[in-house]
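*Asks:* Mind folding the following:
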Amino acid sequence: MMGPGMMGGFGLGWLPLLMIVFWGLVIWGIVAAVRSASGRRCDDTSTSESALEVLKRRYAQGEIKKKEYEEKKRDLL
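*Replies:* Residues are numbered from 1 along each chain as shown. I've put the predicted structure just below:
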């Protein structure tokens, strides 16, 4: 004999873990379907800054030099 039970002591001890994984996937699928159906996106452009606003902010904070600012501004306009 290999020990208690016919499966060498392993039995169905992993079944609760499998159920947790199964229900987690079901809930994740439902949440993903609802988000997809609602049409909401994380990268909503109505609330984000325009490219020119980002460029102005970066120049004001000193992240880019005046020459680079002027070049990029010309590209955008």
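*Asks:* The closest residue to Leu77 other than its chain neighbours sits in which helix or strand?
*Replies:* Closest residue to Leu77 apart from its sequence neighbours, by CB to CB, 6 or more residues apart in numbering: Leu52 at 7.7 Å. From N, CA and C alone the C-beta is placed, and that goes for glycine too. Applying DSSP states H and E as the criterion places Leu52 in helix 51-60.
*Asks:* quick one: contacts of that helix?
*Replies:* Outside helix 51-60, the residues that touch it by CB atoms under 8 Å, 6 or more residues apart in numbering are 49, 64, 66, 69, 72-73, 76-77.
*Asks:* and what of stretch 69-77?
*Replies:* Applying CB under 8 Å, 6+ apart, the external contacts of stretch 69-77 come out as 51-52, 55, 58-59, 64.
*Asks:* What residues of that stretch count as buried?
*Replies:* Of the residues in stretch 69-77, 69, 72 count as buried by neighbour count, 16 or more other CB atoms under 10 Å.
*Asks:* what's the spacing between Leu15 and Arg58?
*Replies:* Noted for Leu15: a distance of 55 Å to Arg58, by CB to CB, to the nearest Å.
*Asks:* ok, and for stretch 58-72, which residues are buried?
*Replies:* Buried, per 16+ other CB under 10 Å, within stretch 58-72: 59, 69, 72.
*Asks:* need those in CSV with pLDDT and distance to Ser36, can you?
*Replies:* As requested, the buried residues of stretch 58-72 are arranged in CSV below (pLDDT from 0 to 100; distance: CB to CB, whole Å):
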residue, pLDDT, distance to Ser36
Tyr59, 92, 38
Tyr69, 92, 39
Lys72, 90, 35
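*Asks:* would JSON lines of those residues with distance to Ile20 be doable?
*Replies:* Formatted as JSON lines, the buried residues of stretch 58-72 follow (distance: CB to CB, whole Å):
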{"residue": "Tyr59", "distance to Ile20": "51"}
{"residue": "Tyr69", "distance to Ile20": "53"}
{"residue": "Lys72", "distance to Ile20": "51"}
